[in-house]
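Undergrad: Structure for the following, please:
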Amino acid sequence: MSTRTTAFTITYTATPSPNLPTPAAVPMETAAPARVQALAEAGVSRLPAQYIQPPEHRPTPSPSPIAAALSVPVVDLSTSTADDAVRAACADWGAFHVVGHGVPVDLLDAVRAAGLAFFRAPMEDKLRFACDPARGAASEGYGSRMLANDDSVLDWRDYFDHHTLPESRCDPARWPDFVPGYSMLLLPITREITPCTFYRDTIAKYSNSMKDLAQKLLCIISENLSLPPSYIQEAVGEVFQNITISYYSPCPQPDLALGLQSHSDMGAITLLIQDDVGGLEVLKDGMWIPVPALRDGILVILADQTEIITNGRYKSSVHRAVVNAEHARLSVATFYDPSKSRKICTAPQLVSENEPQKYRDVIYGDYVSSWYSKGPEGKRNIDALLIQH
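TA: Numbers count the residues shown, from 1 in each chain. From the prediction side, this is the model:
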């Protein structure tokens, strides 16, 4: 296990979008507040009230010397010591970078570039792919809020959420088909991948790579706990995978806002890449630790269902995104989750007289509904399942 930082820059050339048909099944998100990007580009100098965090949740100006000295682990999956490094990172952090993972860096760059192409497109083109409020707080498409509670403080971000697995819920026609600038096409143009299909083909290829990597990591995690290699995969069942591209615009008062509020992810495991702007932080021993971007690295974040399955041996990571006044930031998170009908239970092999079961069994759909109705706020959703002994 090692630590390192690498700076990199993604460049692009904006290309006017063609006349795009409005997908018939995707009405505009008419009930949403103004897009964060639109507010930023309008030059607002004061933060609208609904984005102001309560004082106890606001970001600290700079990390403490102790926090500044800590770094999220980096695990090289191509080495013979990878399994041990994953074990230590899961036990100590719940979040770690992986390199040597077999996903081409050109594909990582292409996903980042595709996301930039979408968010740099004209607003009228983006709105063709807006979320449908009738489908719920986390519907697929272009949006700015996910929580069902109208009283919630809003995150300073916009996003595009793609439903990629299972195939029965994957509909690339709901995804953008913008033509990006040729200087940013980082995948080879072939008969199968053309400029007009670049975005959709890139997301589809990336989805498959993230599914394979998530399954590889869950096998390692299972074996590290002396469980059968496929145990956590089988406990999760049919995978429901979403890919969310988040865009954090420059914020006029970044000391009052958050790009993404403190939370642990609700599913099994999350895989995240980001650009070089910085802003992601993980909570470690009560301190917020900045997570630098690695061009070839993928951040692994353990989520709540893995904590339940492992009886708390491996804990989900609490994390947040801070914003800044000068630069926009982009991240791409892949969520590997159970189906909503799946019952999640603690592995009986990890329960004993000395280690009684920590969490009640839960239907994943009920957990999701609670998460969206209560809001994130640290780990209060999984803490609600704790069994009192």
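Undergrad: From here on, just use CA atoms for contacts and neighbour counts.
TA: Will do.
Undergrad: what packs against the lowest-mean-pLDDT helix or strand in the chain?
TA: Averaged element by element with mean pLDDT, DSSP states H and E, the chain has its least confident helix or strand at helix 65-68 (a mean of 84). The contact analysis (3 or more C-alpha pairs under 8 Å, 6 or more residues apart in numbering; DSSP states H and E) places helix 65-68 against strand 287-290.
Undergrad: What strands line up against the strand it packs on, and which way round?
TA: Partner strands and pairing direction for strand 287-290 (DSSP bridges) are strand 280-284 (antiparallel).
Undergrad: what's the offset of the partner strand from the middle of its chain?
TA: If you compare the mean C-alpha spot of strand 280-284 with that of the full chain, they lie 14 Å apart, counting by C-alpha atoms, centre = their mean, to the nearest Å.
Undergrad: Alpha carbons only: can I get that strand in CSV?
TA: Coordinates of the C-alpha atoms in strand 280-284 are reproduced here as CSV (Å, rounded to 0.1, in the frame of the first residue of the first chain):
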residue,chain,number,x,y,z
LEU,A,280,-13.7,15.2,-2.2
GLU,A,281,-13.1,14.6,1.5
VAL,A,282,-13.4,11.4,3.6
LEU,A,283,-14.0,11.3,7.4
LYS,A,284,-11.2,9.6,9.3
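Undergrad: And it, what's buried?
TA: Burial within strand 280-284, assessed by neighbour count using 16 or more other C-alpha atoms under 10 Å, is assigned to 280-284.
Undergrad: Return the member of those residues nearest to residue 155.
TA: residue 280 (13.5 Å; C-alpha to C-alpha).
Undergrad: can you tell me which residues contact that closest one?
TA: Residue 280 is in contact with 290-292, 319-322, counting by C-alpha atoms under 8 Å, 6 or more residues apart in numbering.
Undergrad: got it, and residue 115?
TA: Per C-alpha under 8 Å, 6+ apart, neighbours of residue 115: 245, 330.
Undergrad: for the record, mean pLDDT for the helix or strand where it lies?
TA: Using DSSP states H and E, residue 115 sits in helix 105-119. Across helix 105-119, the average pLDDT comes to 94.
Undergrad: Restrict it to CA atoms and write it as PDB.
TA: This file holds the C-alpha atoms of helix 105-119, laid out as PDB (Å, rounded to 0.1, in the frame of the first residue of the first chain):
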ATOM      1  CA  VAL A 105      -6.600   5.300 -18.500                       C
ATOM      2  CA  ASP A 106      -7.900   6.400 -21.900                       C
ATOM      3  CA  LEU A 107     -11.300   5.100 -20.900                       C
ATOM      4  CA  LEU A 108     -11.200   7.000 -17.600                       C
ATOM      5  CA  ASP A 109     -10.200  10.200 -19.500                       C
ATOM      6  CA  ALA A 110     -13.000   9.600 -22.000                       C
ATOM      7  CA  VAL A 111     -15.600   9.400 -19.300                       C
ATOM      8  CA  ARG A 112     -14.400  12.600 -17.700                       C
ATOM      9  CA  ALA A 113     -14.300  14.300 -21.200                       C
ATOM     10  CA  ALA A 114     -17.800  13.100 -22.000                       C
ATOM     11  CA  GLY A 115     -19.100  14.500 -18.700                       C
ATOM     12  CA  LEU A 116     -17.500  17.900 -19.500                       C
ATOM     13  CA  ALA A 117     -19.000  17.800 -23.000                       C
ATOM     14  CA  PHE A 118     -22.500  17.500 -21.500                       C
ATOM     15  CA  PHE A 119     -22.200  20.200 -18.800                       C
END
